[in-house]
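1. Just need the structure, nothing else, for what follows:
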Amino acid sequence: MDELGLVQEGGYLTLYFPCLEAAIVFRVRSRENRGFEVIDYGPLPIASGTSLPTYEGTVATAPADGVLPARSYTREAVSFPAPDWMRYMVFDQNDVWRLSRDDKDRIFHVRAFVHPPALRVEVRIPKGVPQYAFQRRRVTVGVDKVGIGATRGSVEAIHFPDIQTGYRFGNDAHLDLRTFVRFVYGEYVVEIPKSPEVVFDVLQRRIPSHWITLPVTILDEEVRRLLVDIYRFPVTPPEPPRLFKLYRADERDRAMRDYAEILRHVAV
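-> The predicted structure follows:
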């Protein structure tokens, strides 16, 4: 990792999917736009006059653009529209981080820093699917639940091709908060290592890798499509896609056979 918290060229990034109890291992082949990876984005995309639910069950109205009223939260996950100067050049002008299906060898590693840092933050992959839960999904949690299910001030997210990631925000303070977001991002050109030994050593933490546990507790159809249709991980319906399982150290031979079979299919 460098001083921005991003993976260096040639380094590894491990993305763990709780819903599959397995991971993807990426090697970062290249990092585009190095040296220009900080975006002072501006206020949250909340328009003046927007109605927002509150923690007390009432409704609050945003008094100005980018202001999150006291005790309110965003009901739906939001995207960040592209700034005006790049609006007509990006893939989706309504979501600056959205990648197309053709960008299968790229991901965005995004670290969002929100001001004031007391703001609660939640990531949803895909954008419309609640993913945070407690006690085997007996309880769904998130920024709309007081005291549980969100981080404060900053969050780390991965944006994949052909799947939209969204963000929710909550203000549990008793005053309106004027917001600001700074993004630190890496646009990575990635590949999956072709060596079962390398995959095994990364997952055993013998080879350094930056690990992110993704907020994906439900195998939504969009996530399945990403894994099967874009990355080409093998699947035998109705079973879920086969990613790299985390084997014990004494299961090396079994892991080598499994990883070798998976690597014969993957397309990144």
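2. Please work out the average pLDDT along the lengthiest helix in the chain.
-> As assigned by DSSP state H, the longest helix anywhere in the chain is helix 252-263. Average pLDDT, helix 252-263: 98.
3. repeat for stretch 132-145
-> 87.
4. Same question for it: list its buried residues.
-> 132-133, 141-145 (16 or more other CB atoms under 10 Å). To be clear about C-beta, it is placed using only N, CA and C from the backbone, and glycine gets the same treatment.
5. What is the nearest of the residues you listed to His210?
-> Tyr132 (21.7 Å; CB to CB).
6. measure the closest one to Met89 for me?
-> 34 Å (CB to CB, to the nearest Å).
7. same check, this time on Glu197
-> Taking CB to CB, one finds Glu197 at 42 Å from Met89.
8. who's more crowded, those two?
-> Glu197 (14 against 8; other CB atoms under 10 Å).
9. Mind telling me what element that one is part of?
-> Per DSSP states H and E, Glu197 falls inside helix 196-203.
10. Report all helices and strands that the helix or strand just after that helix contacts.
-> Following helix 196-203 in sequence order, the next helix or strand is strand 210-213 (DSSP H and E). Judged by 3 or more CB pairs under 8 Å, 6 or more residues apart in numbering; DSSP states H and E, strand 210-213 is in contact with strand 12-17.
11. Who does the following helix or strand past the strand it packs on pair with, and is each partner parallel or antiparallel?
-> On the C-terminal side of strand 12-17, the closest following helix or strand by DSSP H and E is strand 22-32. Partners of strand 22-32 in the sheet, by DSSP bridges, are strand 12-17 (antiparallel), strand 180-191 (antiparallel), strand 244-245 (antiparallel).
12. quick one on the thing from earlier: name the residues of the helix holding Glu197 that are buried.
-> Result for helix 196-203 [16+ other CB under 10 Å]: buried residues 196, 198-203.
13. Among the residues you listed, find me the one that's closest to Glu56.
-> Leu203 (45.5 Å).
14. so where do the strands sit in the stretch 101-250 of the chain?
-> 106-115, 120-124, 133-134, 139-140, 151-152, 154-159, 166-171, 177-178, 180-191, 210-213, 244-245 (DSSP state E, counting those that start in this stretch).
15. Could I get the contacting residues of Gly49?
-> 61-62 (CB atoms under 8 Å, 6 or more residues apart in numbering).
16. just to revisit the earlier point, distance between the longest helix of the chain and the chain's centre?
-> From the chain centre to the centre of helix 252-263 is a distance of 27 Å (CA atoms, centre = their mean, to the nearest Å).
17. Kindly report the domain assignment for the chain.
-> Residue ranges for the domains of the chain, per automatic domain parsing: 12-30+190-263, 38-188.
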